[in-house]
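**Q** Give me coordinates for this.
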Amino acid sequence: MTIRAVIIGLALAVLLASFGFINDVWFFFSYIGGDLVPTYAFGLLLVGLLVVNPLLRGVGLWQFKPGEWATMLAMMCMGSIIAGSAPAVAVPASLDHAHL
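**A** Take a look at the predicted model:
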């Protein structure tokens, strides 16, 4: 794990969390990460492995190591669940709509 994997993973997690909120609250599409598999996180991993690593190798820069991909995937999974349906499921219904 390197510092670049943590920085890129954190940026992707924030991106997925913000996009997940917009997706779930404004557009009412299916949840990004609250289901069994966060498809957007694994989709970004697939794009990274198939597009980004060969481009980095072709340009002559360091490509990402497997440990760095695992770090970024773990951070993306947490970012996609933050804004998904997981927090809504964790809060009991009695606390969700508190009466004053």
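
**Q** from what I can see Met76 touches Leu16, true?
**A** Yes - using Cβ atoms under 8 Å, Met76 is in contact with Leu16, at 5.8 Å. Glycine gets a C-beta too; all of them are placed from N, C-alpha and C.

**Q** Below-threshold pLDDT in this protein: ranges please.
**A** For the chain, the stretches with pLDDT under 70 are 1, 24, 28-36, 83-100.

**Q** So which residue is dead centre in it?
**A** Geometric centre of the chain, nearest residue: Met76, 2.8 Å, by Cα atoms, centre = their mean.

**Q** contacting residues around it?
**A** Shown in contact with Met76 (Cβ atoms under 8 Å, 6 or more residues apart in numbering): Gly9, Leu12, Ala13, Leu16, Pro38, Tyr40, Ala41, Leu44, Leu45.

**Q** Identify the residue nearest Arg4 in space, chain neighbours excluded?
**A** Among residues not flanking Arg4 along the chain, Glu68 sits closest, at 7.3 Å (Cβ to Cβ, 6 or more residues apart in numbering).
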